[in-house]
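1. Let me see the structure of the following:
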Amino acid sequence: MMRTPTRLVTAFAALMLAPPALADVIATAASPDGDIVVTVSIDGDGRPMYAVSRDGKPVITDSRLGFLFTDAPKMERYFKLIDARTAASDTRWEQPWGEWKTIRDNHTELTVRLREAKDLEREMDVVFRIFDDGVGFRYVLPEQPNLKTAHIADELTEFAVAGDGTAWWIPGGEWNRYEYLYNKTPISSIAQAHTPLTVKLQDGTHIAFHEAALVDYSSMWLRRVEGTRLKAVLAPGATAAKVTRTTPFATPWRTMIIADDAAGLYMSHIELNLNEPNKLGDVSWVHPGKFNGVWWNMIKGDWSWATGPRHGATTEHVKKYIDFAAANNIRGVLVEGWNPGWNGDWLGHGNDFDFATPTADFDADGLAKYAASKGVHLIGHHETGGAVSHYESQLDKAFAFAQAHGEEVVKTGYVTDAGQIERVLPDGTTVREWHDGQWMSNHHIRVLETAAKYHVSIDSHEPIKDTGLRRTYPNWVAREGARGMEYNAWEGKNPPEHVANLIFTRMLSGPMDYTPGVLSLTGSDDSPIPSTIAKQLALYVVLYSPVVMAADTPENYARYPGPLQFIRDVPTDWSDTRVLGGAVGDYATIVRKDRNSDDWYLGSVTDEDARTLSIPLSFLDPGRTYRAEIYRDGPDADYRTDKRHSIAIEKRQVTGKDTLTLALAPGGGQAIRFVALGK
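-> Alright, predicted model coming up:
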């Protein structure tokens, strides 16, 4: 057995025990208000690092930057500063639809150019944008002779959180994609997590980690390395390289919203501001609105997607839903299971789907005309079963069919386990991709661009996560990407805290098609849903989507005409949004102003605990009187009992000088419409 010379062991031990090389600060910049400061440094081994402080306190301590490649040495050591420059920008822009009509983009930009001082002498820029409420940064790899094509194995990006605290997260890289309940653990107990990942430090500071402008790149997961140091992990693909790009290119932005509390996280616009402006031009054909449809009975198992005696998408059934929509101020009717491919084992095997041919019992032409005569539009459904190349081969004819049948929105679906997306290579070989890998990132853009040619908007289910691309492609109106209402039809229902978790985690990324409004509060086999009716109404305000479902059946809505009125009234497009209070996983109160009137709407939800909240109405327009139409939990309401249907509906006049007391039942909520009266 070969023995290592003693002098080498001693030298190696000394190297391991030596203190890390000291870092030299090479650049620094602050947010417009001066509170958040980014510092970039290089240590004695030439490793670039960044750090973030707020109000003079560290938030992110020295965190490494760089890349691993599959076919070249990593980019991490031997860097020297070539250039550092700053710029400032303060602009405003308008959203065609959204939670706010006008968005302010006020930031300081710091660009640091680095070059390896030996060997390949490769260069990279690290660009930081520093806002009053957080930081975004990305890499820009310029065109260069020794890095023409980057085959990225992973990033070396770190987020070294300055101290322990509480984290709310779902696992990244597991079979059920994003559809998990949230873990609440110490930061030091995070495993591998999807973003948005929300943490609360011991001093109360909240941070939400995410990314913006995910284009032609793999999604970022976060893996805890040690202590509270998190490292970026790119979602895999079908090849060794997780990302392949030709220089020059820029990565997505890595983002950190930093706030005093959970409400402050939600009020940030960092993600939208880090996306490119609208690329589609005139998008007046994108129409926010509510929809109902042939769905809940299938989710519960009463109807089927497949043809046969229990087929849901029949001409007769859909006509009833069109009539209900027309009578209740609902713009769209979703139809799932209308096309061939549903018979047999389609989950993960979607190569029999045809997206331009209806089944024999679904009169697509007649129903499109009937819907139009009622002022209603059909919403199409393109389920791929994970056979994405098969779907791409039909994109043009699929969206031409949708346009011809008055479908303003199409709901896409990718139901298969993570890592099982079917991609067919040019030689006919089938490989497997991840829902959040580079290839699927590009697939969604191809769908959006094709749909836009036919003036169709997209609501994706089993999607890649939202990173603000609704600004660049305003026809990407919604997506799923979390556990929604459908889980309340089955065993293992969403607990009462789930919505209060979603608001300050998943909802930080963008609209979610949660499918609220199940007033019957029953799932499969009449199993009780852990909610009150008032909470179901509040979901229309606290869980934002410009296209939102009235998910229950017409028969069930007929049993609850009082609560149904709020669903009839509530809009889905807003000019202003304010979070009046909340705590992750506990409760939230949000108010929004209708974009098309002076009315305001309030939604408040709680977890399993009853809660009494005092809400000043100072958000209301000064000098104006409003009629508050209040839908609150009844005095005996409780999600755990047969009183979960108990609701009180009342009206009173209020002004911005008033304060309301909200009494939320266990698992409950409250919804209020503030109708603007004369001044």
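2. Report the separation between the residue lying closest to D90 once chain neighbours are set aside and D216.
-> With sequence-adjacent residues excluded and distances taken as C-beta to C-beta, 6 or more residues apart in numbering, D90 is closest to N106, at 4.4 Å. C-betas here are computed from N, CA, C, even on glycine. According to C-beta to C-beta, to the nearest Å, N106 and D216 sit 28 Å apart.
3. does the nearest residue to Y487 once chain neighbours are set aside count as helix, strand or coil?
-> Once flanking residues are discounted, Y487 sits nearest to N494: 5.2 Å by C-beta to C-beta, 6+ apart. Of the three states, N494 takes coil under DSSP: H, G, I helix; E, B strand; the rest coil.
4. Next up, the contacts around N494.
-> By C-beta atoms under 8 Å, 6 or more residues apart in numbering, the residues touching N494 are L181, R483, M485, Y487, N488, P530.
5. could you redo the last one with a cut-off of 10 Å?
-> 181, 482-488, 501-502, 514, 529-531 (C-beta atoms under 10 Å, 6 or more residues apart in numbering).
6. T307 now?
-> Per C-beta under 10 Å, 6+ apart, neighbours of T307: A313, T314, G337, P340, W342, N343, T359, A360, D361, F362.
7. is it true that R423 touches H435?
-> No - at 11.8 Å, R423 does not count as touching H435 under the criterion of C-beta atoms under 10 Å.
8. Those two - which one has more neighbours?
-> Neighbour comparison, R423 and H435: the larger count goes to H435, with 26 against 21 (by other C-beta atoms under 10 Å).
9. Now that one: closest residue in space that isn't a chain neighbour?
-> Using C-beta to C-beta, 6+ apart, the closest residue to H435 is R177 (5.4 Å).
10. what about the one you found, which SS state?
-> Relying on three-state DSSP, one would call R177 coil.
11. Numbering from 27 from now on, please.
-> With the count now opening at 27, the last piece we talked about shows up as R203.
12. Helices of the stretch 477-626 of the chain, residue ranges please.
-> 523-529, 559-568, 580-584, 587-595 (DSSP state H, counting those that start in this stretch).
13. now the last one: mean pLDDT?
-> Rounded to a whole number, the mean pLDDT of helix 587-595 is 98.
14. Quick one: neighbours of the closest residue in space to V187 that isn't next to it in sequence, just the number.
-> Leaving out its chain neighbours, the residue that sits closest to V187 by C-beta to C-beta, 6+ apart is T254, at 4.1 Å. Residues contacting T254 under the criterion other C-beta under 10 Å number 22.
15. Let me see the backbone angles for T254.
-> For T254, the backbone dihedrals (degrees, to the nearest 10) come out as phi -120, psi 20.
16. Show me the shaky parts of the stretch 227-376 of the chain.
-> Judged against pLDDT under 70, the stretch 227-376 of the chain has no low-scoring part.
17. what about the strands in the stretch 77-226 of the chain?
-> Taking DSSP state E, counting those that start in this stretch as the criterion, the stretch 77-226 of the chain contains strands spanning 83-90, 93-95, 105-120, 128-142, 149-157, 160-167, 175-181, 184-187, 191-195, 209-212, 218-219, 223-227.
18. how about the ones you listed in a markdown table, adding mean neighbour count and distance to G327?
-> Converted to a markdown table, the strands of the stretch 77-226 of the chain look like this (neighbours: other C-beta atoms under 10 Å; distance: least, C-beta to C-beta, whole Å):
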| stretch | mean neighbour count | distance to G327 |
| --- | --- | --- |
| strand 83-90 | 18 | 48 |
| strand 93-95 | 19 | 47 |
| strand 105-120 | 13 | 45 |
| strand 128-142 | 19 | 43 |
| strand 149-157 | 22 | 47 |
| strand 160-167 | 23 | 44 |
| strand 175-181 | 19 | 42 |
| strand 184-187 | 23 | 43 |
| strand 191-195 | 23 | 31 |
| strand 209-212 | 14 | 29 |
| strand 218-219 | 20 | 32 |
| strand 223-227 | 22 | 34 |
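19. Nearest to A577, out of those?
-> Across those, A577 has its closest neighbour in strand 191-195 (25.4 Å, C-beta to C-beta).
20. got the angle between the closest one and strand 223-227?
-> Strand 191-195 and strand 223-227 are oriented at 170 degrees to each other (axes from the mean of the first three to the mean of the last three C-alpha atoms, to 10 degrees).
21. Give me the helices and strands touching strand 191-195, please.
-> Counting contacts by 3 or more C-beta pairs under 10 Å, 6 or more residues apart in numbering; DSSP states H and E, strand 191-195 is packed against strand 209-212, strand 218-219, strand 223-227, strand 232-238, strand 246-252.
22. repeat that for 7 Å
-> strand 209-212, strand 223-227 (3 or more C-beta pairs under 7 Å, 6 or more residues apart in numbering; DSSP states H and E).
23. Not counting its own residues, what contacts the last one?
-> It stands for strand 223-227. 187, 189, 191-195, 213, 232-235, 248, 291, 530-531, 610 (C-beta atoms under 7 Å, 6 or more residues apart in numbering).
24. Check stretch 174-190 too.
-> Here stretch 174-190 has contacts from 84-97, 102, 167, 212-214, 225, 227-228, 235, 248, 254-260, 267-273, 280, using C-beta under 7 Å, 6+ apart.
25. 6 Å instead, please
-> Stretch 174-190 is contacted from outside by 84-87, 89-90, 92-97, 102, 212-214, 227-228, 254-258, 260, 267-272, using C-beta atoms under 6 Å, 6 or more residues apart in numbering.
26. for the chain, what helix or strand is lowest in average pLDDT?
-> Least confident helix or strand of the chain, by mean pLDDT, DSSP states H and E, is helix 32-43 with a mean of 29.
27. List the contacts of T685.
-> S640, P642.
28. switch to 7 Å and redo it
-> Contacts were defined as C-beta under 7 Å, 6+ apart; by that measure T685 touches S640, I641, P642, L643.
29. Throw those residues into CSV and include neighbour count, thanks.
-> Formatted as CSV, those follow (neighbours: other C-beta atoms under 10 Å):
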residue, neighbour count
S640, 9
I641, 19
P642, 12
L643, 20
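30. so which of the residues you listed would you say is closest to T442?
-> I641 (44.1 Å).
31. Hmm, the closest one is touching T615, no?
-> Yes - judged on C-beta atoms under 7 Å, I641 makes contact with T615 at a distance of 6.3 Å.
32. any common contacting residues for these two?
-> Joint contacts of I641 and T615 (C-beta under 7 Å, 6+ apart) are L606.
33. give me the beta-bridge partners of the residue nearest to E433 when sequence neighbours are not counted?
-> Nearest non-adjacent residue to E433, counting by C-beta to C-beta, 6+ apart: G406, 4.3 Å away. Assessed by DSSP bridges, G406 has beta-bridge partners V436.
34. sorry, back to before: of all the helices and strands packed on strand 191-195, which one is nearest D158?
-> Taking the helices and strands packed on strand 191-195 one by one with C-beta to C-beta, strand 223-227 is closest: 18.4 Å.
35. Strand 83-90 and the closest one, what's the angle between them?
-> Using the same axes, to 10 degrees: strand 223-227 against strand 83-90 is 130 degrees.
36. Direction included, what does strand 223-227 pair up with?
-> With DSSP bridges as the test, strand 223-227 is paired with strand 191-195 (antiparallel), strand 232-238 (antiparallel).
37. could these go into JSON lines alongside distance to F154?
-> Below are those laid out as JSON lines (distance: least, C-beta to C-beta, whole Å):
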{"stretch": "strand 191-195", "distance to F154": "24"}
{"stretch": "strand 232-238", "distance to F154": "13"}
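38. and the chain, what are its domains?
-> 53-300, 312-507 (the TED database).
39. now those domains as TSV including distance to T598?
-> Shown next, in TSV, are these (distance: least, C-beta to C-beta, whole Å):
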stretch	distance to T598
domain 53-300	8
domain 312-507	5
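40. Mind checking those for the one nearest to R594?
-> From the domains of the chain, taking C-beta to C-beta, the stretch that ends up closest is domain 312-507, at 4.7 Å.
41. and the end-to-end length of that closest one?
-> 22 Å (C-alpha to C-alpha, to the nearest Å).
42. Show me how far that domain is from its chain's centre.
-> 19 Å (C-alpha atoms, centre = their mean, to the nearest Å).
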